[in-house]
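J.: Got a predicted structure here, sequence first:
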Amino acid sequence: MAERKVWFITRPERDPQFHAEAVTALKEATDNFTKKWEGNRELHKHYESVLAAHGLKRNNVSNDGSGGRTWCAMLKTFSYCYIDKEGFVKPTKVGKALVDGVQPYENVKKQILTLQIPNAYFMEKGFRPKFEEGFRIRPARFLIKLVQRADLEYRLSKEEITYFVLTAQKDSQEQEVVSKILSFRSASPEQKEAMKQEVAVHYDHRARNDKAARDYYQAHSDVAHTFMLLCEYTGLVEYERGTSILKTNLSLVEAAMKSIAYYDTRYPFNTRYLISVERMAQSSGLDIDSYKSNEFGDIKPANNSAKMAKKIEVALSKIPTPTEWTDEELLSYLEPIFGKRDALKAVSAVRAGQGTMNHLSEDFVERYLGDMTHNEFERTTTDILKAIGFETIYQPKIQGKQTEIEILIRSGSIHGIIDTKHYPNGFGLTQQLANYMASEYIQNYMTYDDSKLEFYGYVTSGGFTGEKKLKSITSLAEKLTGETIEGLMITREVLIGFLDYCLENQIPREERVRLFIENAKNKGFNDLKQFV
């Protein structure tokens, strides 16, 4: 199946004015989200009936409940809810806010302006066809920014949006799209038709013929219409229905661009989809009150230098939680980069921009879950374990000699040993490796300084097999040491997802450590929901 090259949005209801009512109807249909949704066609049909009773759709229920699934898909698109691993619908914080009637306009506006491709719903296994891998765009923000441009005369037609805006894949393509639209406006009728046909052939896999452009427009113009309605709802542009024009007035441009700049700073592109669909939905579905920008999104050094601000941001993006570091730790890290004087300024900037909530930077998430060397994976995993709350020792030594274990993590009088496995195609725990963990690693590290070994673990860069071998490690270690040492296997997605979840929910460091150690029960975790 060919991948999508053009924007798409599920649209049983095009007007966002009714999003809150649709979430409320879903709560009612599922008996406060307690009935299993996945595979339950009777429930899907019941949701349609409830929607009809609320006046949100015509009173005709589909035979298979497809109408209910489409409405739920729309709500998932905007991260008002998601389907958990057990198949139940779970409202996000913003979904709950809409049900409770808390700032419905501002919360819906926030979901429109933070809507992105890819998002949680578009990453679901059942969503077909998938978008091309290169997509990284916030559609509503992108479209609104275009309308604010003087060279486009502060307007865009539905035709222009359908052919030239819906095909953009990145936020950085703004000027490229503008150039195409200006060329289109100055073209002859014949040239315009050729340009439209070219779009249809390239982006929609249509045969090159007289019908191609028309068929493309029929297939995608309603998506353009829906995005025009969504953008108008934000109050930053106006949708002139009679002429199908999205426009603004020059006098309103400055305020609109200021609003968009605020959103760009406060809500950067969300990379949580790399962790899991569920984590992405939870993160994107934070309500207007609980969501804060990342720690250094607003940093401005004393000299107000944009270049220096960027340099600080890049440096801090390599730390999971810079605001939880002490001034001494930050200085030790930043001084080799900036020198002592500017490092002090950078630390002051971090403290000045410190919010009430911590978040992992999008760059850090993307870096850890992207391509890394073995050494980078080891060191960054160590940083994450430190951010969780452990005292970490990278490549610990026994009697002055370095062993093969990469990470020792300690909390008070107990410690654990962590073996990182950087295998892109997955790690298999064999009996030979299990024996080695029990007879070499565990025996060597039963004590370390004044602490006692209580658990061990594997952190993998890909999937894993051999979870049952964890019990054999414990059994052999018990025979050799007389102690019961249990362990865990965890993917990097779950590890960073756990930290991200803890930060978002303001879980103290001591509790994070307790939760982590509690999971060392000879289990493997490739799903965040199993871990928290």
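T.: On my side now, so go ahead. Numbers count the residues shown, from 1 in each chain.

J.: Spit out the contact partners of the spatially closest residue to V61 that is not a sequence neighbour.
T.: Nearest non-adjacent residue to V61, counting by Cβ to Cβ, 6 or more residues apart in numbering: E48, 4.6 Å away. To be clear about C-beta, it is placed using only N, CA and C from the backbone, and glycine gets the same treatment. Residues counted as contacts of E48 (Cβ atoms under 8 Å, 6 or more residues apart in numbering) are 57, 61-62, 65, 67-68, 71.

J.: so which helix or strand takes in L488?
T.: Per DSSP states H and E, L488 falls inside strand 486-491.

J.: Could you point out the helix or strand that follows that strand?
T.: Next along the chain after strand 486-491, taking DSSP H and E as the criterion, comes helix 492-504.

J.: Which other helices and strands does that next one contact?
T.: helix 277-284, helix 362-368, helix 374-388, strand 451-460, helix 509-518, helix 528-531 (3 or more Cβ pairs under 8 Å, 6 or more residues apart in numbering; DSSP states H and E).

J.: Which residues belonging to the longest helix along the chain are considered buried?
T.: Secondary structure assigned by DSSP state H gives helix 212-233 as the longest helix of the chain. With burial defined by 16 or more other Cβ atoms under 10 Å, the residues of helix 212-233 counted as buried are 212-213, 216-217, 220-221, 223-233.

J.: So which of the contacts of E48 are in helices?
T.: 67-68, 71.

J.: any weak-confidence spans in the chain?
T.: For the chain, the stretches with pLDDT under 70 are 1, 205-207, 291-307, 353-358.

J.: Can you give me the domain assignment for it?
T.: Segmentation of the chain into domains, based on the TED database, reads 1-136+269-292, 137-267, 304-356, 366-530.

J.: Any idea how far the first one is from the middle of the chain?
T.: Right, the one you point to is domain 1-136+269-292. How far domain 1-136+269-292 lies from its chain's middle: 15 Å, per Cα atoms, centre = their mean, to the nearest Å.

J.: do the longest one as well
T.: In this view, domain 366-530 has its centroid 25 Å away from the chain centroid, taken as Cα atoms, centre = their mean.

J.: same question, the third one
T.: Distance of domain 304-356 from the chain centroid (Cα atoms, centre = their mean) equals 24 Å.

J.: Could you number the chain from 51 rather than 1 from now on?
T.: Okay, using 51 as the starting number, the last item reads as domain 354-406.

J.: Mind picking the two most distant members of the contacts of E98?
T.: Spatially, the most separated pair among the contacts of E98 is K107 and G115, at 13.0 Å (Cβ to Cβ).

J.: Looking at the two now, which is surrounded by more residues?
T.: Neighbours per residue (other Cβ atoms under 10 Å) separate K107 from G115, with K107 holding more: 23 against 19.

J.: Please name the nearest non-neighbouring residue to the more buried one.
T.: Nearest non-adjacent residue to K107, counting by Cβ to Cβ, 6+ apart: L101, 4.7 Å away.

J.: now do I464
T.: E504 (4.2 Å).

J.: Also D272?
T.: Spatial nearest neighbour of D272, excluding adjacent residues (Cβ to Cβ, 6+ apart): R61 at 7.1 Å.
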